[in-house]
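Colleague: Need coordinates for the following:
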Amino acid sequence: MAEKVKRGLIQVYTGEGKGKTTAALGLAVRATGRGMKVGFIQFLKGRASGEHLFLSQYPAFKIVHMSVGSSFNKPREQMLQEARLTFAYAEEQLLSGNYDLLILDEIFLAIHKELITTEQLLNLLDKKPDSLELVLTGRHAPPEIVQRADLVTEMRKIKHPFSQGIRARRGIEF
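Modeller: As a prediction, the model looks like this:
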């Protein structure tokens with residue numbers, strides 16, 4: 001039997017350290033295991049990762065990314081268009097009533113790159129249904145969002161393999 005959230009909170013996973021998306025995915029797996037419907041919308045990530053390959057097998061869990069290709073080497077205009085489409089889709093899903101948990105992965109990166117605004121996200125938070133649990137991830141969470149959130153976790157980088165020249169590894173980082 002599906003669990004229902006009586007009061008949905010706003011959670012933020014931010015910081016320079018690794019693990020923001022992973023933490024959100026862990027919560028998503030827990031919620032799915034309890035019969036909750038989960039939506040996971042990724043901003044600026046354009047390639048299928050291990051989480052897409054695994055979680056797309058579960059009908060209660062919907063994972064969506066509208067970006068195409070790497071966000072590191074595409075024209076700004078394309079990133080802007082993709083971020084706007086993703087944000088509009090996220091708003092539609094937030095209001096749809098189809099989910100118990102909705103995750104907006106890397107939304108803070110989209111704000112940091114000035115593809116969407118903090119004000120747009122604050123307006124979206126104003127529309128959040130009371131029963132929806134909302135998770136926002138990415139580096140550079142704006143102070144206004146941190147203030148508004150019910151739970152904020154900051155991942156702090158102490159040591160990272162990228163600093164040693166070790167590239168992202170399939171199945172570990174993506």
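
Colleague: how close does the closest residue to N98 other than its chain neighbours sit to L101?
Modeller: Among residues not flanking N98 along the chain, K37 sits closest, at 6.3 Å (C-beta to C-beta, 6 or more residues apart in numbering). Placement of C-beta: from N, CA and C, glycine included. For K37, the distance to L101 equals 8 Å [C-beta to C-beta, to the nearest Å].

Colleague: more crowded one of these two?
Modeller: Using other C-beta atoms under 10 Å, the more surrounded residue of K37 and L101 is L101, with 24 against 17.

Colleague: which residues does T86 contact?
Modeller: I41, Q42, F43, H65, M66, S67, A110 (C-beta atoms under 8 Å, 6 or more residues apart in numbering).

Colleague: Show the buried residues in those.
Modeller: Buried members of those, counted by 16 or more other C-beta atoms under 10 Å: I41, Q42, F43, H65, M66, S67, A110.

Colleague: which residues does the second one bridge with?
Modeller: Going by DSSP bridges, Q42 is paired in beta bridges with H65, D105.

Colleague: quick one: contacts of stretch 153-165?
Modeller: In this structure, residues lying in contact with stretch 153-165 by C-beta under 8 Å, 6+ apart are Q11, V12, Y13, T14, G15, E16, G17, K18, G19, K20, A23, A168.

Colleague: contact partners of the host helix or strand of the third one?
Modeller: Secondary structure here is read from DSSP states H and E; on that basis Y13 sits in strand 10-14. Residues outside strand 10-14 that contact it (C-beta under 8 Å, 6+ apart) are 19-21, 23-24, 27, 108, 125, 128, 133-141, 145-146, 148-155.

Colleague: any idea how far that strand is from the chain center?
Modeller: For strand 10-14, the separation from the chain centroid amounts to 9 Å (computed by C-alpha atoms, centre = their mean, to the nearest Å).

Colleague: Can you pull the poorly scored residue ranges out of this structure?
Modeller: Across the chain, residues meeting the criterion (pLDDT under 70) sit at 1-5, 46-48, 69-72.

Colleague: tell me the helices in it, going along the chain?
Modeller: Along the chain, the segments classed as helices by DSSP state H run 20-33, 50-55, 76-96, 107-112, 118-127, 143-148.

Colleague: Can you redo these as JSON lines, where the extra columns are distance to I172?
Modeller: As requested, the helices of the chain are exported to JSON lines (distance: least, C-beta to C-beta, whole Å):
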{"stretch": "helix 20-33", "distance to I172": "10"}
{"stretch": "helix 50-55", "distance to I172": "8"}
{"stretch": "helix 76-96", "distance to I172": "25"}
{"stretch": "helix 107-112", "distance to I172": "20"}
{"stretch": "helix 118-127", "distance to I172": "30"}
{"stretch": "helix 143-148", "distance to I172": "29"}
